[in-house]
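**Q** Quick one, structure for this:
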Amino acid sequence: MEKLPMAITVCPVTASFAAEIGGVDLSGALEPADLAAIKDAFTRYAVLIFPDQHLSQDQHLDFAKTFGPLETTIALFRKDAKLRGGKR
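**A** This next block holds a predicted model:
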């Protein structure tokens, strides 16, 4: 039996501030349609919640990089802050 991909769900938590995203596994490369749906949700909500994701630090950073360059300048202002940089 062939396993069909699950469609991403966007369930608002509040009217316009936060939404929960389901039906996606962020641990690997995203399908273009899934990435487009996530980016669309980011245009409507300030906060997106991705429950039940079990990502390594590198997987988390790889996902974050799909939205642009990572902010690393905190090291200039917070010498005590440990950067979660992993691979760059």
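
**Q** my guess is Ala51 contacts Gly23, does it?
**A** For the record, residue 51 is Pro, not Ala. No. At 11.0 Å, Pro51 and Gly23 do not qualify as touching, with contact defined as Cβ atoms under 8 Å. Placement of C-beta: from N, CA and C, glycine included.

**Q** Pick out whichever of those two has more residues nearby.
**A** Gly23 (12 against 7; other Cβ atoms under 10 Å).

**Q** pLDDT weak spots in the chain?
**A** Applying pLDDT under 70 to the chain picks out residues 1-6, 74-79, 81-88.

**Q** And the next helix or strand past the lengthiest helix in the chain?
**A** Identified as the longest helix of the chain according to DSSP state H is helix 32-44. Using DSSP states H and E, the next helix or strand after helix 32-44 towards the C-terminus is strand 47-49.

**Q** Listing partners with orientation, what would you give for that following strand?
**A** strand 18-22 (parallel) (DSSP bridges).

**Q** buried ones in the strand it pairs with?
**A** For strand 18-22, burial by neighbour count (16 or more other Cβ atoms under 10 Å) applies to Ala19, Glu20, Ile21.

**Q** what angle do it and helix 32-44 make?
**A** Comparing the axes of strand 18-22 and helix 32-44 via axes from the mean of the first three to the mean of the last three Cα atoms, to 10 degrees yields an angle of 170 degrees.

**Q** Export strand 18-22 to CSV, keeping only CA atoms.
**A** What follows is strand 18-22, C-alpha atoms only, in CSV (Å, rounded to 0.1, in the frame of the first residue of the first chain):
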residue,chain,number,x,y,z
ALA,A,18,-0.6,32.5,16.3
ALA,A,19,-1.4,29.2,14.4
GLU,A,20,-0.5,25.6,14.9
ILE,A,21,1.0,23.8,11.8
GLY,A,22,0.4,20.1,11.4
